[in-house]
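1. One predicted model, sequence on top.
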There are 2 protein chains.
Amino acid sequence: MTTPDPRLSINQATVKHADLATALRVTATAGVQAIGTWREPVQEVGLATAAQMLTESGLRLSTHCRGGFFTLPAGPARRAALDDNRVAIEETATLAAAGAEGSTAVLVLVAGGLPEGSRDLLGARERVRDAIGELAPDAAAAGVTLSIEPLHPMYASDRCVVSTLNEALDIAADFDPAVVGVTVDTFHIWWDPDVLSAIERAGREGRIATYQVCDWKTPLPADVLLGRHYPGDGVIDFEPMTRAVLATGYDRDIEVELFNEDIWATDPLEAVKRTAAGFASAVSPYLTV
Amino acid sequence: MTTPDPRLSINQATVKHADLATALRVTATAGVQAIGTWREPVQEVGLATAAQMLTESGLRLSTHCRGGFFTLPAGPARRAALDDNRVAIEETATLAAAGAEGSTAVLVLVAGGLPEGSRDLLGARERVRDAIGELAPDAAAAGVTLSIEPLHPMYASDRCVVSTLNEALDIAADFDPAVVGVTVDTFHIWWDPDVLSAIERAGREGRIATYQVCDWKTPLPADVLLGRHYPGDGVIDFEPMTRAVLATGYDRDIEVELFNEDIWATDPLEAVKRTAAGFASAVSPYLTV
């Protein structure tokens, strides 16, 4: 087994069925140095315990996933969503402080889709901006960066009305780059004819909070949420996007987040090793400037 | 039954399992005035016979579907694809001449996906441009407009590397607008944050060869090609895009092209009537400037 790339971070969703202890253990055992945590497994053990476990693991925190889902119109459900995001901000700050040196306090945000029965896409997008405006002071106070993640347009109606990197940057533009950034995930934006110029812009504007690599392959599975593949197993050429991200000066960890039933059915240590191997061959060659 | 909108055209794919005679009959019987033909059912009866049948139906031709699939690298397969597109150009000219007054000679082009084993998205896009350059003189000589159709980004790898209206316009920009235009299909571009400005641009540059309306709904079916719905049955707000298209001066027919197993299993006359009803309620209100 080769040593994993020192910049690789395993997003916990890649080993979805592992609890936090297992996820930390297999990540460290595989020689990976960083992890992106998810809220549910952290809450399962409690935040304080999770933070202590992260410290003991010796891993860096790259992101905490995820906040968002705030396209609802004004009302109790929207207020509850915003309050839950405030809890997520606190979790992120606590975990980042507990992680090894080089940890980053980044909360990934998935905007949410059209509310039930609504066709008002522009309105939903405006509410995303409004919600981030409400959360930005909390994030700033906690030293956390809210990272808007554009999701593939096939999720625009039911999961995330933010569909392109430029759109995420347009929303972020109203805010301090230390407080509101963007997630650059190859799976979601590889098809975009403007992707390289958008990455360059994201760097120029100081917005790349996290870079994530994940491959695309067709046919898509019946549940299109679950069609994410190990780097190198699909059709994405990781060179241009990775070089563009590096050229902006991006020096953080690089996450791999895989939603895929087959990968979830794999032994988690094995899944982490395969992720590391895919990363080493499909991404690492482009990490030297 | 209300009279169908006089601008509605039924794309033959909506009644996929009907032969040409049936498609023409049910379209006319329902009181629809125009049709978009597909190559296979036309070739089944032969072009001359198809043209005569179209004349006898009294219907206008709005488009002929479809050419394209020219992302292959240089070689015999690419030459064969280009030759087949030349046949499609001739079919389009013949059918448009045979259709009722107001027919338009528009050949819809679906660019094609990444060639097997390739990760070179930029190269595939360049080959689309090259192919259109090769076909443009033939189209001009035949009086046919090649209409580049951007397809939803979920098809970028296996069906169409042209994913946004602006990208289609960038390709078209090298050519005479009478010869190379674009297809504006709501299903494919509704999610695009730039869709309204791109439609305005398409109009300004004289490129809207055909406007097509079709709804989006989730969850997507297992085969994501087949998730197209009657206007009004999904989440698309047809008002902004339709008004934007009309504001450009677009005065042609408006097609509905539905790939959907349930609709294909419906009696074709009934499917046409339902299409007309959906169009009347979800689109017609925005056709008065």
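-> Ah, there it is.
2. So which bits of the stretch 101-250 of chain A are right by chain B?
-> A:114, A:118-122, A:125, A:152-154, A:156-158, A:163-164, A:166-167, A:170, A:190-193, A:216-220, A:222-224, A:234-237, A:240 (Cβ under 8 Å from any Cβ of the partner chain). For the C-beta atoms, the positions are set from N, CA and C on the backbone; glycine is no exception.
3. One more pass at 6 Å, please.
-> Taking Cβ under 6 Å from any Cβ of the partner chain, the part of the stretch 101-250 of chain A that reaches chain B is made up of A:114, A:119, A:153-154, A:156-158, A:163, A:167, A:191, A:193, A:218, A:220, A:222, A:224, A:235, A:237.
4. Buried members of those residues into PyMOL, please.
-> With 16 or more other Cβ atoms under 10 Å in any protein chain shown as the criterion, this PyMOL line picks the buried residues out of those:
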select buried, chain A and resi 114+119+153+154+156+157+158+163+167+191+193+218+220+224+235+237
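5. Let's see which of the residues of the stretch 101-250 of chain A next to chain B end up in helices.
-> Of those, the ones assigned to helices by DSSP state H are residue A:167.
6. Going by proximity to chain B, name the top residue of the stretch 1-150 of chain A.
-> Residue of the stretch 1-150 of chain A nearest chain B, by Cβ to the nearest Cβ: residue A:119 (4.0 Å).
7. okay but that residue is in contact with residue B:235, surely?
-> Yes: proximity of residue A:119 to residue B:235 meets the contact threshold set by Cβ atoms under 6 Å, at 5.3 Å.
8. can you give me the strands for the stretch 101-250 of chain A?
-> A:106-110, A:145-148, A:180-185, A:208-212, A:215-216, A:228-229 (DSSP state E, counting those that start in this stretch).
9. could you dump the fourth one to CSV, C-alpha only?
-> Presented in CSV, the C-alpha positions along strand A:208-212 are these (Å, rounded to 0.1, in the frame of the first residue of the first chain):
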residue,chain,number,x,y,z
ILE,A,208,-12.4,28.7,-2.2
ALA,A,209,-13.2,27.3,1.2
THR,A,210,-12.9,23.6,0.2
TYR,A,211,-11.9,21.7,-3.0
GLN,A,212,-13.5,18.3,-3.4
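10. Residue A:17: neighbour count?
-> 11 (other Cβ atoms under 10 Å in any protein chain shown).
11. hang on, the earlier thing: export the strands of the stretch 101-250 of chain A to TSV and tack on mean pLDDT and mean neighbour count?
-> TSV is the format used below for the strands of the stretch 101-250 of chain A (pLDDT from 0 to 100; neighbours: other Cβ atoms under 10 Å in any protein chain shown):
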stretch	mean pLDDT	mean neighbour count
strand A:106-110	97	27
strand A:145-148	98	28
strand A:180-185	98	28
strand A:208-212	98	25
strand A:215-216	98	22
strand A:228-229	97	22
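12. Ok, which of these comes nearest residue B:266?
-> Each of the strands of the stretch 101-250 of chain A has some distance to residue B:266 by Cβ to Cβ; the shortest is strand A:215-216, at 33.6 Å.
13. List the contacts of that closest one.
-> A:187, A:229, A:231, A:233-236 (Cβ atoms under 6 Å, 6 or more residues apart in numbering or on different chains).
14. Any idea how far that strand is from the middle of the chain?
-> 15 Å (Cα atoms, centre = their mean, to the nearest Å).
15. And stretch A:46-57, by the same measure?
-> Worked out by Cα atoms, centre = their mean, stretch A:46-57 lies 20 Å from the chain centre.
16. if we can go back for a sec, out of the contacts of strand A:215-216, which one sits closest to residue B:86?
-> residue A:235 (29.6 Å).
17. Can you give me every residue that contacts the nearest residue to the closest one once chain neighbours are set aside?
-> Once flanking residues are discounted, residue A:235 sits nearest to residue B:157: 4.9 Å by Cβ to Cβ, 6 or more residues apart in numbering or on different chains. Applying Cβ under 6 Å, 6+ apart to residue B:157 gives the contacts A:218, A:235, B:113-114.
18. Now the phi/psi pair for the residue of the stretch 1-150 of chain A closest to chain B, please.
-> phi -120, psi 10 (degrees, to the nearest 10).
19. for the longest strand that chain A contains, what is the average pLDDT?
-> For chain A, the strand that runs over the most residues, judged by DSSP state E, is strand A:60-68. In this model, strand A:60-68 has an average pLDDT of 96.
20. what residues does that strand touch?
-> A:9, A:33-34, A:36-38, A:85, A:88, A:91-92, A:95-96, A:99-100, A:102-103, A:106-112, A:210, A:253, A:255.
21. low-confidence ranges in the stretch 1-150 of chain A?
-> A:1 (pLDDT under 70).
22. how near is the residue nearest to residue A:235 to residue A:20?
-> 35 Å (Cβ to Cβ, to the nearest Å).
23. and what of residue A:284?
-> 27 Å.
24. if you take the average position of chain A, which residue is closest to it?
-> residue A:108 (5.1 Å; Cα atoms, centre = their mean).
25. What is the nearest of the contacts of strand A:215-216 to chain B?
-> residue A:235 (4.9 Å).
26. check contacts around that closest one.
-> Each residue near residue A:235 by Cβ under 6 Å, 6+ apart is listed here: A:216, B:114, B:119, B:157.
27. With distance to residue B:79 as added columns, please give the residues you listed in TSV.
-> Shown next, in TSV, are the contacts of residue A:235 (distance: Cβ to Cβ, whole Å):
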residue	distance to residue B:79
A:216	30
B:114	19
B:119	24
B:157	24
